[in-house]
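**Q** my questions are about this predicted structure, shown below with the sequence.
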Amino acid sequence: MGFGDLFRRLLGGGEAAAPRAESVEYQGYSITPTPMAQGGQYLTAGVITKDTPEGRKEHRFIRADTHGSAEAAASFAVRKGRQIIDELGDRIFEKGS
């Protein structure tokens, strides 16, 4: 899949995303898995949010990892979200992250 295809999919084109899984709270952040269907498999994807005095901040992530089920992709997205938080903390909300 090329960058343009991924971009169109992010904006609502292409195959539909799997239903959102339950959010998981982690160190003051909320991680919501959003697996994306692709060719009979699912991409690792999710949203990390945090409520701050300035308002709710959000960081979306998509990884190239594929899984045979939406549940497996969701589980991995939670692990990936925790890793992102551990490595970057609030820097994930900075421009260019």
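**A** Nice, thanks for sending it over. Note that the structure is a prediction, hence the values are computed from the model and not measured.

**Q** poorly predicted segments of the protein, please.
**A** 1-20, 96-97 (pLDDT under 70).

**Q** what segments of it are helices?
**A** Along the chain, counting by DSSP state H, helices occupy 3-10, 70-88.

**Q** of those helices, which is nearest residue 35?
**A** With C-beta to C-beta as the measure, helix 70-88 is the member of these nearest residue 35 (3.6 Å). C-beta coordinates here come from the backbone N, C-alpha and C atoms, glycine included.

**Q** among the helices of the chain, which is the most enclosed?
**A** helix 70-88 (a mean of 18; mean count of other C-beta atoms under 10 Å).

**Q** packing partners for that helix?
**A** Packing partners of helix 70-88 (3 or more C-beta pairs under 8 Å, 6 or more residues apart in numbering; DSSP states H and E): strand 24-26, strand 29-33, strand 41-52, strand 55-67.

**Q** in CSV: these, plus distance to residue 88.
**A** Converted to CSV, the helices and strands packed on helix 70-88 look like this (distance: least, C-beta to C-beta, whole Å):
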stretch, distance to residue 88
strand 24-26, 13
strand 29-33, 11
strand 41-52, 10
strand 55-67, 9
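
**Q** mean neighbour count and distance to residue 89 added to the ones you listed, as JSON lines?
**A** As requested, these are arranged in JSON lines below (neighbours: other C-beta atoms under 10 Å; distance: least, C-beta to C-beta, whole Å):
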{"stretch": "strand 24-26", "mean neighbour count": "13", "distance to residue 89": "12"}
{"stretch": "strand 29-33", "mean neighbour count": "22", "distance to residue 89": "9"}
{"stretch": "strand 41-52", "mean neighbour count": "20", "distance to residue 89": "10"}
{"stretch": "strand 55-67", "mean neighbour count": "14", "distance to residue 89": "11"}
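
**Q** the residue nearest the centre of the chain bridge partners, please.
**A** Centroid-nearest residue in the chain: residue 46, 1.6 Å away (criterion: C-alpha atoms, centre = their mean). Per DSSP bridges, residues listed as beta-bridge partners of residue 46: residue 33, residue 61.
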